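Visitor: sequence plus the predicted model coming up.
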Amino acid sequence: MTMFNLLMLGERAGSGFDAMRSGCAWAHHPEPHLEELFNPDKTKLALSMEVLTKDTPGAEPEVDWPHANATATHGPELQVINLVKDRGSITRLDVERLLGISRSSANNLLASMERKGLLTREGNARATRYHA
């Protein structure tokens, strides 16, 4: 990783696996399986192409949001929704850190989610918080 960072070809955002998990949840696929092996050192990532349904044993229940017609359409929205579920409310800075995106991208994403009815905004300027 150090070599790639010195060549400016790598990043340390750490959101890649979370993005894959969110994408799998969105597409109703099982979560990816990550395995670290030693001697020799290697990492295995297994992605299943099985589609989960409500009847599949062990399938996670669908997200139950208070807004009946509001659904997240892609990975970043699902990640933000999961963060709101965990914390109760979030800020723009929370979204920036979670997704590794710029301030304007976070503002655009939150505004889009607010228009879709996925989030409600409370407060102004630095005191702005978003709730489900």
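Guide: Yep, that arrived.

Visitor: determine which residue of this structure is most distant from the centre point.
Guide: N39 (32.5 Å; Cα atoms, centre = their mean).

Visitor: what is the burial count for E96?
Guide: 17 (other Cβ atoms under 10 Å). To be clear about C-beta, it is placed using only N, CA and C from the backbone, and glycine gets the same treatment.

Visitor: ah, wrong one, I meant Q79
Guide: 22.

Visitor: okay, the strand or helix carrying it in CSV with CA atoms only?
Guide: According to DSSP states H and E, Q79 maps onto helix 75-87. C-alpha atoms of helix 75-87 as CSV (Å, rounded to 0.1, in the frame of the first residue of the first chain):
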residue,chain,number,x,y,z
GLY,A,75,-25.1,2.4,-2.3
PRO,A,76,-24.3,5.8,-0.8
GLU,A,77,-27.9,6.4,0.1
LEU,A,78,-28.1,3.0,1.8
GLN,A,79,-24.9,3.8,3.7
VAL,A,80,-26.3,7.1,4.9
ILE,A,81,-29.6,5.5,5.9
ASN,A,82,-27.8,2.8,7.9
LEU,A,83,-25.8,5.5,9.7
VAL,A,84,-29.0,7.4,10.5
LYS,A,85,-30.5,4.2,11.9
ASP,A,86,-27.4,3.6,14.1
ARG,A,87,-27.1,7.2,15.4
